[in-house]
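Q: Predicted model follows, preceded by the sequence.
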Amino acid sequence: MPRAPSELPLQTTLLGIAIALIIALVAALVGPLFIDWSNYRPVIEAEAGRLVGAPVRVTGPIDGRLLPSPRLTLHDVTVGQGGNAIRAGALDVQFALTPLMRGQWQAEDLRLANPEITVGVDASGHLRLPNFAFGFAPDALTVERLEVEGGKLIVKDAGGATTLTLDHVFFNGRARSLLGPFNGSGSLVAGGNHYSLDLASGRYGSDGIKLRIGLQPAEHPFSIASDGALTFTDGKPKFDGSLSLGPPPGMKSATPWHISGRLAAGANSALLQNLQVVYG
């Protein structure tokens, strides 16, 4: 039976829309393979610097894609200047497509490779930290999966001597916003000893941030747990909370033991009070 003439324009329109969608998908899949993303280096550096409130330099390759999820990878990144600069071998961010279409920044995966942060402490106990002034609301970005690989934290005193180094830092977790809360687990090396790490925090605010930290040395049969608040008064850090040592969770000890107390620590000193020791 011949089709009505009125059906032909409708079919032609639908076919045209389908062809346009196919072309758009092919362009989105194949197009990024032919885009030299390094041409956008000045724009990316300028926008990133505006967002974090500090100079950003990307000296390595830049890779990007649009489908199946928008992804941007920056290599050899430096944030800030001088001794307070933060450096990373790579920053890889994969955004969720549906929230992005609604104007929401949700990172399905944010991976930071080989970051290095140096923190200074002067003679009066003040911290010298990288100075960031985020150019957007911290709650605008949610990270479903946060990965840190091969990180390093260096703490130096007023004379420039290294007093503490946390090396080979690995962490897998989640960040509900740039100000927290955070939670996850990982590992690190301090003083030549390997530790497994469990970390959970509240949201950072004017009264500081609540922390719950668990450390377990790989070479020793005990675990360290601390639960308290980290505050900054006039640039001086102070931690006030509980500290406990005991057998690792799930480990059966022939002679049960436990040590606990109240810990008050700053940049230059630490005080353990109300010490309790249980043995047997």
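A: Thanks, I have the structure now. Numbering: from 1, shown residues only.
Q: just the helices in the stretch 51-200 of the chain please.
A: For the stretch 51-200 of the chain, the helices defined by DSSP state H, counting those that start in this stretch occupy 97-101.
Q: which stretches of it form strands?
A: Under the criterion DSSP state E, counting those that start in this stretch, the stretch 51-200 of the chain contains strands at 56-58, 62-65, 71-79, 86-95, 105-113, 116-121, 127-128, 141-156, 162-175, 182-190, 193-201.
Q: now for the second one, which elements pack on it?
A: What that stands for is strand 62-65. strand 71-79 (3 or more C-beta pairs under 8 Å, 6 or more residues apart in numbering; DSSP states H and E). Every residue, glycine included, has its C-beta placed from N, CA and C.
Q: which residues sit against the strand it packs on?
A: 44, 48, 52, 54-65, 85-95, 130, 132 (C-beta atoms under 8 Å, 6 or more residues apart in numbering).
Q: quick one: strands adjacent to that strand?
A: Strand 71-79 has its sheet partners listed here by DSSP bridges as strand 56-58 (antiparallel), strand 62-65 (antiparallel), strand 86-95 (antiparallel).
Q: Dump the ones you listed into CSV; add mean pLDDT as well.
A: Listed next are these as CSV, based on pLDDT from 0 to 100:
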stretch, mean pLDDT
strand 56-58, 92
strand 62-65, 84
strand 86-95, 92
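Q: nearest to S38, of those strands?
A: Distance to S38, taken as C-beta to C-beta, is lowest for strand 62-65 among the strands paired with strand 71-79, at 5.2 Å.
Q: taking the mean pLDDT, what do you get for stretch 102-110?
A: Across stretch 102-110, the average pLDDT comes to 79.
Q: Show me what counts as buried in that stretch.
A: For stretch 102-110, burial by neighbour count (16 or more other C-beta atoms under 10 Å) applies to 105-110.
Q: Stretch 223-243 now?
A: Of the residues in stretch 223-243, those buried (16+ other C-beta under 10 Å) are 223-226, 228, 230, 236-239, 241, 243.
Q: And the residues you listed, which is closest to T142?
A: The nearest one, if we look at the buried residues of stretch 223-243 relative to T142 and count by C-beta to C-beta, is L230, at 22.6 Å.
Q: Report all helices and strands that the host helix or strand of that closest one contacts.
A: L230 belongs to strand 223-233 when assigned by DSSP states H and E. If you count contacts as 3+ C-beta pairs under 8 Å, 6+ apart, strand 223-233 packs onto strand 209-217, strand 236-246.
Q: That'll do, ta.
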